[in-house]
Every structure is written in C-alpha cells, then in structure tokens.
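In: For reference, the sequence and a predicted model appear below.
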Amino acid sequence: MRGGGIQRLRDWGAANPWAVDIGLALLVQAAMTMPFVVPRGPELEPATWPAYGLTTLTVVPLVWRRRAPMAVLLAILAASALYRLALEGPGQPLPYTGLVSVYTIAVLSPPWKRLVAGALLLVAVPVSVWLNTRSARELTFSLFVFGAAYAFGRLTDARQRAHRVEAERATARERARIAREMHDILSHAVSLMVVQAEAGPLAVRAAPERAEAAFEAISATGRDAMVQLRRMLGVLRDGEPSAAPRAPQPGLGELPELLARVRGGGLDVRYATDGAERPLPEATAATVFRIVQEALTNVVRHAEARAVWVRLGYGPDELEVRVTDDGRGPRPGGSGGHGLTGVRERVAAHGGTASAGPGPDGRGFEVRAVLPVEAG
C-alpha cells in the first residue's frame, strides 16, 4: 500500500514538474522564513521587510531550476551577493537555494556545465565566507555541504539512468514476448489453413462430407487466430507493452481443441500423460501450450508425417513435454527456424531445458522440453 502510494506520487510528479518545482520553492521559502519570525536579540541584525523581500528573490528562480539550471544558479548567486552587500539581515543556517541549484545541475546538466558550476562555487563560496565570518570552520562546512549536494545529485542521475535502462530492457522483453506469441498464432493458423485448403479439392471429389469438415476447420482456425491476434494488437494499441494489460493466455484446458484442429487436417494425433496430473501455474501452462502448438505446426508444415504423439510426463518436481512424429526427420543442416528458437527461449525463461532432433531410433522428429514444477 505504502509502496503503491509512493509510486503514484512519483508518477504524478513526473507528469507535473511545474507543480513540483513550485512546491519545492515554497518549501525552501518556508525554511528561509524561520530566521525572520523567531525572536531575535538586540545584538543581531534586524529582520526587516526589504531583507525578507530580497531573500524571497533568491528563492523565486528555483521555479525554473529544471529548464535553465545554470541560469538559476547565476541568479541565486547574484541575489545572494546583493543581499550580503546591500542589506544587513538575518543569516541562514544553510544555503538552501544554492544547495537545491547545485543538486539540480548535478542531475540534469552535461559535464561541461557541471565543471563551470564547480568553478563558480569554488570562487563564490570563499568570497561569501570572507564577507561573513572569515572562519575556516564555515569555509570547510560550506564546501562540504555543496560537495554533498553535488554527490547526491550524481547518485540520483545514476539511479535514474539505471531505471531507464531497466525499463527499456523490460519493454524489449515484452515486445519479444508479443512477437513470439504472434509468430506462434500466425504460423499455426496459416499452416493448418493451407493444409486444409490443399486437401479440400481432393475431398470434394472423393468424399464431399470430408470437404465440408475441412472448410469448417479452416473457418474455425481463422476465427481463433483473429481472436488471438485482436488481443495481441489490443495490447500494442494500449501503449507500452510492459504497462498494458495482458490477455488471458491459453493453457492445458485449450490443448484438446488444439489437437482436434490438427486432427481435422488428416493427421493422426495421439495424446497421453504420465504421472499424477496436477494444476500448473498459469505461465507454465501457457508455455506448455505454446510448445505443443509450435511442435505441431512444424509437423504440419515440414514433417510429411502420418501420426504424431503428444505426451506430458509429470515428475516430482518437473514436467516433461514430448512431441514426436513419424515423418522424414530433421533436414540436414537445418536450424529449426524461429519457432524452435522461441520454444527454447520460453523454456529457458522458466529455468528449464529444450531440445529438438531425431525421434526414437532416428525416425521422425521430436521436440522435448523439461520445465521445473513445484510438487503439489
């Protein structure tokens, strides 16, 4: 709850920088007002309205601190010098406006501007101390607090850069995930539709009832692909993929429908499980579905097989997925294409392993994946 509130506050501040800078200026003004309202001894400088007005003049530039950090620093130094030389007013326990300005320059400005600001402060701070107390203690303290403000600003800049890099990486990972999903959807649907369409003319002449079933399968496959693509495109239209809501992913409950669609193309698909079946995490179930889908798509497109076996083996702490066909086997020098690469990436994301190659006894082709799954 508290973390969510802080993040919402940060998001609001990023969307309203003017309001943040005005609020910061008011906070600094409140801090610099304290010496003017607390009781003062007769031996101290009087708290006059002109002195307070000139103090306010050193605060006002902070409203533009993000837009012109160097100009703001120069304006603050000029107003502070005028306050020290023209008036005798209450002093401040800390150089608030200068510290905020130095911090902002350290966060936002390029190296050459930071060097210029450092050179200005190396001159301005000793001069200010000489005009005030001429003590080494004050000089040391002033240099320390300005150095701390600069260091804190550089740390903030480094943290913001790290957050931006991580956000870019997260966006790239999400785009890669969406690309894999779209590849799996399109490749599977188009492959099945092509197979059904090629078999249609033969079925019309030999067995009209099979032709009707083939056309119904083409229609069902196309509609399912459109629904899934509409979900993916909706995610992309919503803005950044990492911030967009994800549509529900297919899982083991959709496996029978997937196998039925492939059977509709004339392929003998056999499904079996080993071990005690148990519910899987949603992400793992979606990965299993996509592995089987991609393996079946490759069988339909490349294997020239008559039968394919899909087997899920439930172990104590892992799940083994095997998809084996009786086709012509792997092509010499073949790499498996983007689909099998996507399978390996999906499995690796879960900490598992994946392999693809000749089936048992060197016949056909087999895709095998092992995913870690907690017992129970």
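Out: Cool, the structure landed.

In: Look at the residue nearest to residue 189 when sequence neighbours are not counted and say how many residues are nearby.
Out: In this structure, residue 189 finds its nearest non-sequential neighbour in residue 225, 3.5 Å apart by C-beta to C-beta, 6 or more residues apart in numbering. (C-beta placed from N, C-alpha, C; glycine too.) Neighbourhood size, residue 225 [other C-beta atoms under 10 Å]: 17.

In: what about stretch 134-142, average pLDDT?
Out: Averaging pLDDT along stretch 134-142 gives 84.

In: quick one: that stretch to chain centroid distance?
Out: Relative to its chain's centre, stretch 134-142 lies at 47 Å (C-alpha atoms, centre = their mean, to the nearest Å).

In: Residue 271 reaches residue 255, doesn't it?
Out: Yes. Residue 271 lies in contact with residue 255 (C-beta atoms under 8 Å); the separation is 7.3 Å.

In: Surely the residue nearest to residue 189 is in contact with residue 185?
Out: Yes. With contact defined as C-beta under 8 Å, residue 225 counts as touching residue 185 (5.6 Å).

In: Contacts only, for the residue nearest to residue 189.
Out: Applying C-beta atoms under 8 Å, 6 or more residues apart in numbering, we find residue 225 in contact with 185, 186, 188, 189, 190.

In: Go through the residues you listed and flag which are in helices.
Out: 185, 186, 188, 189, 190 (DSSP state H).

In: Of the residues you listed - the most surrounded one?
Out: Of those, with other C-beta under 10 Å as the count, residue 188 tops at 26 neighbours.

In: Now do the helices in the chain.
Out: 2-15, 17-37, 49-59, 69-86, 96-108, 111-132, 136-206, 208-237, 255-263, 282-298, 337-349.

In: Which stretch among those approaches residue 373 most closely?
Out: helix 282-298 (6.3 Å; C-beta to C-beta).

In: Which strands or helices does the closest one pack on?
Out: helix 136-206, helix 255-263, strand 307-314, strand 318-325, helix 337-349, strand 365-372 (3 or more C-beta pairs under 8 Å, 6 or more residues apart in numbering; DSSP states H and E).

In: Using JSON lines, lay out these together with distance to residue 276.
Out: Below are the helices and strands packed on helix 282-298 laid out as JSON lines (distance: least, C-beta to C-beta, whole Å):
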{"stretch": "helix 136-206", "distance to residue 276": "29"}
{"stretch": "helix 255-263", "distance to residue 276": "18"}
{"stretch": "strand 307-314", "distance to residue 276": "6"}
{"stretch": "strand 318-325", "distance to residue 276": "11"}
{"stretch": "helix 337-349", "distance to residue 276": "22"}
{"stretch": "strand 365-372", "distance to residue 276": "16"}
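
In: Can you check which of those gets nearest to residue 24?
Out: Relative to residue 24, the nearest member of those by C-beta to C-beta is helix 136-206, separated by 13.7 Å.

In: Would you mind getting the angle between that closest one and helix 111-132?
Out: 160 degrees (axes from the mean of the first three to the mean of the last three C-alpha atoms, to 10 degrees).

In: next one: helix 136-206 to chain centre, how far?
Out: 5 Å.

In: what's the residue closest to the geometric middle of the chain?
Out: Most central in the chain under C-alpha atoms, centre = their mean is residue 170, positioned 3.1 Å from the mean C-alpha point.

In: From residue 10, how far out is that residue?
Out: 17 Å (C-beta to C-beta, to the nearest Å).

In: try residue 96
Out: Residue 96 is 23 Å from residue 10, by C-beta to C-beta.

In: Looking at those two, which one has more neighbours?
Out: Using other C-beta under 10 Å, the more surrounded residue of residue 96 and residue 10 is residue 96, with 18 against 10.

In: Show the pLDDT at residue 303.
Out: On the pLDDT scale, residue 303 is placed at 74.

In: show me the contacts for it.
Out: Residues in contact with residue 303 (C-beta under 8 Å, 6+ apart) are 325, 327, 328, 364, 365.

In: Mark which of the residues you listed are buried, thanks.
Out: For those, a burial check counting by 16 or more other C-beta atoms under 10 Å picks out 325, 327, 364, 365.

In: any idea which of those is closest to residue 122?
Out: Nearest member of the buried ones among the contacts of residue 303 to residue 122, counting by C-beta to C-beta, is residue 365, at 72.3 Å.

In: what's across from the closest one in the sheet?
Out: Beta-bridge partners of residue 365, counted by DSSP bridges, are residue 358.

In: Please list all residues in contact with it.
Out: Contacts for residue 365 were tallied using C-beta under 8 Å, 6+ apart; they are 298, 299, 303, 324, 325, 327, 329, 330, 356, 357, 358, 359.

In: Closest to residue 114 out of those residues?
Out: Using C-beta to C-beta, the contacts of residue 365 come closest to residue 114 at residue 356, 54.2 Å.
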